[in-house]
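Enquirer: build me a model:
(chains A and B)
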Amino acid sequence: MRSLLPILTVVTVLVALWYVAAIGMNSKWANDQATRAGVELSTSDLVADTWSQDRPRLPAPHQVAAELWKTTGAMVLQGKAMSKRSLIFHGWITLSATMLGFIIGTSAGILLAVGIVHSRAMDMSVMPWAIASQTIPILAIAPMIIVVLNSIGMQGLIPKAMISAYLSFFPVVVGMVKGLRSPTSDQLDLLRTYSTNINATFWKLRLPSSMPYLFTSLKIGMAASLVGAIVGELPTGAIRGLGARMLTGSYYGQTIQIWSALFAAAILAAVMVGAIGMIERATLKRMGMGGWVWFSLP
Amino acid sequence: MIAALEHPTGGSITVNGLSPDEAQRQRAYGYVFQAAGLYPWRTIRGNIQLPLEIMGFPKSEWKTQVDRVLDLVELRGFGNKYPWQLSGGMQQRASIARALAFDADILLMDEPFGALDEIVRDHLNEQLLQLWASTQKTIGFVTHSIPEAVYLSTKIVVMSPRPGRITDVIESTLPKERPLDIRVSPEFLEIAQRVREGLRAGHAYDDE
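Expert: Here you go, the predicted structure:
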């Protein structure tokens, strides 16, 4: 509860700034229209106009909120939740690619981390490539992935999921390598006095120690995964998905549509990351570490 | 070195007739570290059970074994607590219980009470002597405290720092029954003095 006030304050300030910016950015259009019609705009007319244009440069918050409602809640009430004009439909398209990519990326990341921690050769060889892979701009490689996969007959979900996986495996590798190496030398020596094999050391010590690191990486990976799915929808001129909504919005100057898709993506990311946070809390609590997690970052 | 965590640069060590590596493989000793080193995600019971799980003891024995050693270190009733819920002295006792759980012949302790305050330390020293009397195990105990060494030991090996050398080996003449106030008896002080001289001999060339 105590954290609510600062959050609300920041949100209020941001929304206020946004309204002010909307006046600035949309006033040229409003003035041009007024001049053409030969009327003089009073300040209050000007403000009202900048906040209610059909194709504003910067839509006002309430316009975005209204569009969001129109394309989600209102459509659910009409029983058209999965219609092509519904953001729920587009969100689901993006989400399914995100989830598939996240699962592939996370599994690959964990497996690579296990290999890196246990094999010196992998430590030396894989890590530099993993880092190099992330220096390639995703916007450059995404079209290539789509085109290449398309040429072998894969379309739609899989190529987007591959891009998601490409972005999300990296934080998991880095986090899990650190997590699996986090046991102290005392904790490892203890197992040596029992002459424990590598397998038991992994399950009894390394894996449990890495849990807090795992969840932190999963949260970053989930966000990256969503970005990957959206980017994967851009270069192909896809017609379905949140990325496609942004793209068509930009073709037709539908700024309100772009912004509402943007917010839908942000809300989706917040929900997914929040869900991981809840699993994290439950897991660490079961591991007797409930006391710590309240101090960890979301 | 006895535990094969380090390897000697020269000479040889045998542990009940085995090399340290063999002894480690046969799980011949329980080791108590400077810090309790309990795994925070396991309860006290889970921690004590850890060596039993790893060494493949039958599951049916786990509970009785853990209960037995919890009694030995007087932690009965704390099995389901997590390490952070216990004081430092209790954590260290739990780690002793963990070392005892699989009934190794030898207990090795590396400054186990070093981080604890004087009163807790005295108490644990007394308890350790009782434990020793009731289990009859061989205990190898490393300490920086002369009174602790003299109070606990039947045989004191005095070592010098850098290079680590044995400077004196003292057979204690103190009786097996040792109340805390034995530490002001003339016999005790005499042994303590001999330990001190042994340490000083080891340190001498450090200063000059």
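Enquirer: please count neighbours and contacts with C-alpha atoms only from this point.
Expert: Noted.
Enquirer: part of a strand, is residue B:173?
Expert: No. Note on residue B:173: no strand contains this position according to DSSP: H, G, I helix; E, B strand; the rest coil, which reports coil.
Enquirer: got a list of what it touches?
Expert: Residue B:173 makes contact with B:154, B:187 under the criterion Cα atoms under 8 Å, 6 or more residues apart in numbering or on different chains.
Enquirer: ok, now with 10 Å
Expert: B:153, B:154, B:155, B:187, B:188, B:191 (Cα atoms under 10 Å, 6 or more residues apart in numbering or on different chains).
Enquirer: show me the contacts for the residue of the stretch 1-150 of chain A found nearest chain B.
Expert: Ranking the residues of the stretch 1-150 of chain A by distance to chain B (Cα to the nearest Cα) places residue A:118 first, at 19.4 Å. The contact partners of residue A:118, by Cα under 10 Å, 6+ apart, come to A:112, A:177, A:180, A:181, A:198, A:202.
Enquirer: neighbours of the fourth one, how many?
Expert: By the criterion of other Cα atoms under 10 Å in any protein chain shown, residue A:181 has 19 neighbours.
Enquirer: just the first one next, same as before
Expert: Taking other Cα under 10 Å as the neighbour definition, residue A:112 ends up with a count of 24.
Enquirer: just send the contacts of residue B:173 back as JSON lines, with neighbour count too.
Expert: Putting the contacts of residue B:173 into JSON lines (neighbours: other Cα atoms under 10 Å in any protein chain shown) gives the following:
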{"residue": "B:153", "neighbour count": "19"}
{"residue": "B:154", "neighbour count": "14"}
{"residue": "B:155", "neighbour count": "14"}
{"residue": "B:187", "neighbour count": "14"}
{"residue": "B:188", "neighbour count": "18"}
{"residue": "B:191", "neighbour count": "22"}
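Enquirer: quick check: strands, which of those are part of them?
Expert: Counting by DSSP state E, the members of the contacts of residue B:173 that fall within strands are residue B:155.
Enquirer: show me the two of the contacts of residue B:173 that sit farthest apart.
Expert: The two members of the contacts of residue B:173 with the most space between them (Cα to Cα) are B:155 and B:187, at 14.7 Å.
Enquirer: helices of the chain, start to end?
Expert: Because you didn't say which chain, this covers chain A. Assigned by DSSP state H, the helices in chain A fall at A:4-37, A:43-50, A:61-71, A:73-77, A:87-118, A:120-135, A:138-151, A:157-180, A:185-193, A:198-201, A:207-233, A:242-251, A:255-286, A:290-293.
Enquirer: oops, chain B please
Expert: With helices called from DSSP H, chain B shows them at B:20-25, B:44-54, B:59-72, B:88-100, B:118-135, B:146-152, B:186-207.
Enquirer: quick one, which of those helices is packed in tightest?
Expert: Counting by mean count of other Cα atoms under 10 Å in any protein chain shown, helix B:88-100 has the highest mean neighbour count of the helices of chain B, with a mean of 25.
Enquirer: packing partners of that helix?
Expert: Judged by 3 or more Cα pairs under 10 Å, 6 or more residues apart in numbering or on different chains; DSSP states H and E, the packing partners of helix B:88-100 are strand B:29-32, helix B:44-54, helix B:59-72, strand B:106-110, helix B:118-135.
Enquirer: of those, which is nearest residue A:102?
Expert: When these are compared for distance to residue A:102 using Cα to Cα, the nearest one is helix B:44-54, at 33.3 Å.
Enquirer: next, count neighbours for the nearest residue to residue B:159 once chain neighbours are set aside.
Expert: If you skip the residues right next to it in sequence, residue B:159 has residue B:166 as its closest partner in space, 4.4 Å away by Cα to Cα, 6 or more residues apart in numbering or on different chains. Residues within reach of residue B:166, counting by other Cα under 10 Å, total 14.
Enquirer: dump the residue contacts of residue B:166.
Expert: Residues in contact with residue B:166, defined by Cα under 10 Å, 6+ apart, are B:157, B:158, B:159, B:160, B:198, B:199, B:202.
Enquirer: give me the beta-bridge partners of the first one?
Expert: With DSSP bridges as the criterion, the beta-bridge partners of residue B:157 are residue B:169.
Enquirer: what residues does chain B put near chain A?
Expert: Taking Cα under 10 Å from any Cα of the partner chain as the criterion, the neighbours of chain A within chain B are B:3-5, B:21-43, B:50-55, B:81-84, B:99, B:102.
Enquirer: could you tell me which of those count as buried?
Expert: The neighbour-count test (16 or more other Cα atoms under 10 Å in any protein chain shown) applied to the residues of chain B next to chain A identifies B:3-4, B:21-25, B:27-43, B:50-52, B:54, B:82-84, B:99, B:102 as buried.
Enquirer: related to what we said a few turns ago, how much space separates the residue nearest to residue B:159 from residue B:112?
Expert: With the distance defined as Cα to Cα, to the nearest Å, residue B:166 ends up 21 Å from residue B:112.
Enquirer: how about low-confidence regions in chain B?
Expert: Counting by pLDDT under 70, chain B shows low-confidence ranges at B:202-208.
Enquirer: contacts only, for the residue in it that chain A sits nearest to.
Expert: Taking Cα to the nearest Cα as the measure, chain B has residue B:41 as its residue closest to chain A, at 4.6 Å. By Cα under 10 Å, 6+ apart, the contact list for residue B:41 reads A:205, A:208-209, A:284-290, B:47, B:82-84.
Enquirer: please redo it, this time with the cut-off set to 6 Å
Expert: Contacts for residue B:41 (Cα atoms under 6 Å, 6 or more residues apart in numbering or on different chains) come out as A:287, A:288.
Enquirer: show me which residues of the stretch 151-298 of chain A sit near chain B.
Expert: If contacts are counted using Cα under 6 Å from any Cα of the partner chain, the residues of the stretch 151-298 of chain A sitting beside chain B are A:194, A:195, A:287, A:288.
Enquirer: flag the least confident of those residues.
Expert: In terms of pLDDT, the lowest of those is residue A:288, showing 77.
Enquirer: what about that residue, how many neighbours?
Expert: A count of neighbours around residue A:288, defined by other Cα under 10 Å, yields 17.
Enquirer: now it, nearest residue through space, not along the chain?
Expert: Once its chain neighbours are removed from consideration, residue A:288 has its nearest residue in residue B:41; the separation is 5.2 Å (Cα to Cα, 6+ apart).
Enquirer: before we move on, what about residue A:223?
Expert: Distance criterion Cα to Cα, 6+ apart; nearest residue to residue A:223, sequence neighbours excluded, is residue A:269 at 5.9 Å.
Enquirer: got it, and residue B:59?
Expert: If you skip the residues right next to it in sequence, residue B:59 has residue B:53 as its closest partner in space, 7.9 Å away by Cα to Cα, 6+ apart.
Enquirer: residues in contact with the spatially most central residue of chain B?
Expert: Nearest to the centroid of the C-alpha atoms of chain B, with distances taken as Cα atoms, centre = their mean, sits residue B:109, at 2.6 Å. Residues counted as contacts of residue B:109 (Cα under 6 Å, 6+ apart) are B:31, B:32, B:140, B:141.
Enquirer: beta-bridge partners for it, please?
Expert: Beta bridges link residue B:109 to residue B:32, residue B:141, judged by DSSP bridges.
Enquirer: could I get the contacts of residue B:109 as TSV with distance to residue A:218?
Expert: Supplementary listing: the contacts of residue B:109 in TSV, determined by distance: Cα to Cα, whole Å:
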residue	distance to residue A:218
B:31	37
B:32	36
B:140	46
B:141	45
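Enquirer: before we move on, the earlier item: ok, the residue nearest to residue A:288 to residue B:47 distance?
Expert: When Cα to Cα is the yardstick, residue B:41 and residue B:47 sit 9 Å from each other.
Enquirer: nearest to residue A:139, out of the helices of chain B?
Expert: helix B:44-54 (49.1 Å).
Enquirer: excluding its backbone neighbours, what's nearest residue B:88?
Expert: Distance criterion Cα to Cα, 6+ apart; nearest residue to residue B:88, sequence neighbours excluded, is residue B:116 at 7.0 Å.
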